[in-house]
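K.L.:
Fold the following.
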Amino acid sequence: MKNRITLFFLLFIASSCQKEEFDILNLNNNQISALGHGGMGIGYTYPMNSFESILNCLNLGADGTEIDVQMTKDSVLVAFHDEYLENSTNFSGQIFNKKWNEISGAVYTDQPYTNYGLITLDEIFSNISNLTEYTFFLDCKNFNPDTSSAYLNTFNNALIKIIDKYNLENNTYIEFKRTDLIRSLKIIRPDLKIFVYKTFDLALELVNEFQLQGITISVDKISKDEVMKAHNNGTMVAVFNTHSKNRNIEAIEKNVDFIQSDKVKHLIKTLK
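P.N.:
A predicted model of the protein is given here:
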């Protein structure tokens, strides 16, 4: 009797450890790319968009990462999410109103993130080996209300400069909310890959209008049928707000192309 109980227990453990299989059908070679959300995501040991968080994400085996991007007054691209520096650092103000040398000493102050520094996109890419092996989503946080052609061209040229410097045109996707920036970049560099960040129906309209590569949307704001509709339109789908294991599974079951996850370890383990 004891041996049978032991055998049953071992069989139960083996079955519970068995990897779940998913029937993935999408535009990404029927594979889902596991990406970090600003590196390791919200609530991890390192602050989002810090070099430490991004490097840890890539070293774990992620296919790449999303990075939030803002531009300083002197056209330096900085990896930072919030509109105001004081939300999470020891500095204050908005990045677009500051020169890089005015904020380069900023460090994150939210516990337990103290003493991790603000960093530029150039510094991130210059310190990562084999860059072209990863997928990057650059989420452009254009809090600057300027709509002049001078601003649009300056921002997009700053992006182009970084992408060209590191030969990232084939493995980098640029995320925009602003239609004027999309229009400007399509004129300057129509070869670059753009995802639009809007509600589903509006995003699909803009994809068709500007011949964009994809849509970025919260996982809870798009259905499996809408993902299929996008795919039938030749449009890829990237989702975020996968801040739990269940949300990771939900995104996988919807057959999206890219998942920007706050639970990177779980997503990698589930997909690989």
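K.L.:
contacts for stretch 174-182?
P.N.:
Stretch 174-182 is contacted from outside by 66, 137-140, 142, 147, 152, 155-156, 159, 185, 192-198, 206, 210, 212, 216, 238, using CB atoms under 8 Å, 6 or more residues apart in numbering. All C-beta spots, glycine's among them, are computed from the backbone N, C-alpha and C.
K.L.:
what about 6 Å?
P.N.:
137-140, 142, 147, 152, 194-195, 197, 210, 216 (CB atoms under 6 Å, 6 or more residues apart in numbering).
K.L.:
which ones are touching the closest residue to residue 49 other than its chain neighbours?
P.N.:
In space, residue 49 comes closest to residue 79 once its chain neighbours are excluded; the distance is 4.0 Å by CB to CB, 6 or more residues apart in numbering. Listed by CB under 6 Å, 6+ apart, the contact set of residue 79 reads 49, 67, 119, 121.
K.L.:
pLDDT at the first one, what is it?
P.N.:
The pLDDT attached to residue 49 in the predicted structure is 97.
K.L.:
neighbours of it, just the number please.
P.N.:
Using other CB atoms under 10 Å, residue 49 is surrounded by 29 other residues.
K.L.:
wait, isn't it in contact with residue 38?
P.N.:
Yes - Residue 49 lies in contact with residue 38 (CB atoms under 6 Å); the separation is 4.6 Å.
K.L.:
list residues touching both of these two?
P.N.:
With CB under 6 Å, 6+ apart as the test, residue 49 and residue 38 both reach residue 68.
K.L.:
how much space between residue 32 and residue 177?
P.N.:
24 Å (CB to CB, to the nearest Å).
K.L.:
Reformat the contacts of residue 79 as TSV; add distance to residue 233.
P.N.:
Shown next, in TSV, are these (distance: CB to CB, whole Å):
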residue	distance to residue 233
49	31
67	27
119	37
121	31
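K.L.:
any idea which of those has the most stuff around it?
P.N.:
Using other CB under 10 Å as the neighbour test, these are led by residue 49, with 29 neighbours.
K.L.:
What are the boundaries of the helices in the stretch 51-200 of the chain?
P.N.:
51-60, 100-103, 121-126, 149-165, 179-188, 200-210 (DSSP state H, counting those that start in this stretch).
K.L.:
What residues of the second one count as buried?
P.N.:
This means helix 100-103. Across helix 100-103, burial judged by 16 or more other CB atoms under 10 Å covers 100, 103.
K.L.:
Next, the residues that contact that helix from outside, please.
P.N.:
Contact with helix 100-103 is made by 72, 74, 76, 91, as judged by CB under 6 Å, 6+ apart.
K.L.:
neighbour-wise, which of residue 32 and residue 177 wins?
P.N.:
Between residue 32 and residue 177, counted using other CB under 10 Å, the more crowded position is residue 32 (24 against 14).
K.L.:
What's the local residue count around residue 207?
P.N.:
22.
K.L.:
Next: residue 265.
P.N.:
Residue 265 has 17 neighbours, counted by other CB under 10 Å.
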